[in-house]
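**Q** coordinates for the following, if possible.
(chains A and B)
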Amino acid sequence: QVQLQQSGAELAKPGSSVKISCKASGYTFTSYYISWIKQTTGQGLEYIGYINTGSGGTNYNEKFKGKATLTVDKSSSTAFMQLSSLTPDDSAVYYCARGRLPGWYFDFWGPGTMVTVSS
Amino acid sequence: DIVLTQSPALAVSLGQRATISCRASQSVSTSSYNLMHWYQQKPGEQPKLLIYDASNLASGIPVRFSGSGSGTDFTLTINPVQADDIATYYCQQSRELPFTFGSGTKLEIK
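**A** Down below sits the predicted model:
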């Protein structure tokens, strides 16, 4: 069965970076894109971007350009998101989700990774 | 960005019909697709896909869930509502990047 397994919660200091992982199983990894979505109580769900797991090509929401960097390791079927120059506003739950084309909806989601930014 | 507007909450009685709406700031339909999708999220869990392309039931989702609409106005219907349906429901458009989500409608029991 399709599963997306995410890395554990992170506690980070302002100005630092974190790298979250999303390991896929149960399907051909390179046949589907992976997207990343941020959830906060105040802002709801926000699309960060997607990565083409076959080519490594990316698309970013303008709001997250310079903040998020998406990469992939095909050998381990794992997608990564690095968040840099962290501020308290980056505190959130971050989800990876499998993207289905052509409609571009998210049919499987990881359990989420909570990132807390605090000094 | 396309803004999706949802009512914050809806209270219904068990066994009754729930109708959750989502209005887009511009059309999210093409000549081939209505690019609106619906998700259910329970507390402490990740969102789950319910409906894709406005009216297609996702795999494993009970038939009491249905979706309709085109252009800027879309509806998720749950009929009949069961206790397990208590959750927050989000719409999401994929007509334009960046993809956007509605703010969610919390379904409550009357």
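
**Q** the residue found closest to B:Asp85 once you drop the neighbours it is linked to in the chain pairs with what?
**A** Distances taken as C-beta to C-beta, 6 or more residues apart in numbering or on different chains place B:Ile78 nearest to B:Asp85, at 5.5 Å, with adjacent residues excluded. In this view, the C-beta of every residue, glycine as well, is placed from N, C-alpha and C. B:Ile78 has these beta-bridge partners by DSSP bridges: B:Ala18, B:Phe65.

**Q** for B:Ile78, list the residues it contacts.
**A** Applying C-beta atoms under 8 Å, 6 or more residues apart in numbering or on different chains, we find B:Ile78 in contact with B:Arg17, B:Ala18, B:Ile20, B:Arg64, B:Phe65, B:Asp85, B:Leu107.

**Q** filter these down to the buried ones, ChimeraX style.
**A** Filtering the contacts of B:Ile78 down to the buried ones (16 or more other C-beta atoms under 10 Å in any protein chain shown) takes a single ChimeraX command:
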select /B:18,20,65,85,107
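
**Q** tell me which parts of chain B are close to chain A?
**A** Proximity of chain B to chain A, by C-beta under 8 Å from any C-beta of the partner chain, involves residues B:33, B:35, B:37, B:39, B:45-49, B:52-53, B:58-59, B:90, B:92, B:94, B:97-104.

**Q** please check those residues and keep the buried ones.
**A** Neighbour-count burial (16+ other C-beta under 10 Å) applied to those gives B:33, B:35, B:37, B:39, B:46-49, B:52-53, B:58, B:90, B:92, B:94, B:97-104.

**Q** show me where chain B has strands.
**A** Along chain B, the segments classed as strands by DSSP state E run B:4-5, B:9-12, B:18-24, B:36-41, B:48-52, B:56-57, B:65-70, B:73-78, B:88-93, B:100-101, B:105-109.

**Q** so can I have a markdown table of the ones you listed showing mean pLDDT?
**A** Below are the strands of chain B laid out as a markdown table (pLDDT from 0 to 100):
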| stretch | mean pLDDT |
| --- | --- |
| strand B:4-5 | 98 |
| strand B:9-12 | 97 |
| strand B:18-24 | 98 |
| strand B:36-41 | 98 |
| strand B:48-52 | 98 |
| strand B:56-57 | 98 |
| strand B:65-70 | 98 |
| strand B:73-78 | 98 |
| strand B:88-93 | 98 |
| strand B:100-101 | 98 |
| strand B:105-109 | 96 |
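
**Q** which one of those lies closest to A:Asn59?
**A** Among the strands of chain B, the nearest to A:Asn59 by C-beta to C-beta is strand B:100-101 (14.0 Å).
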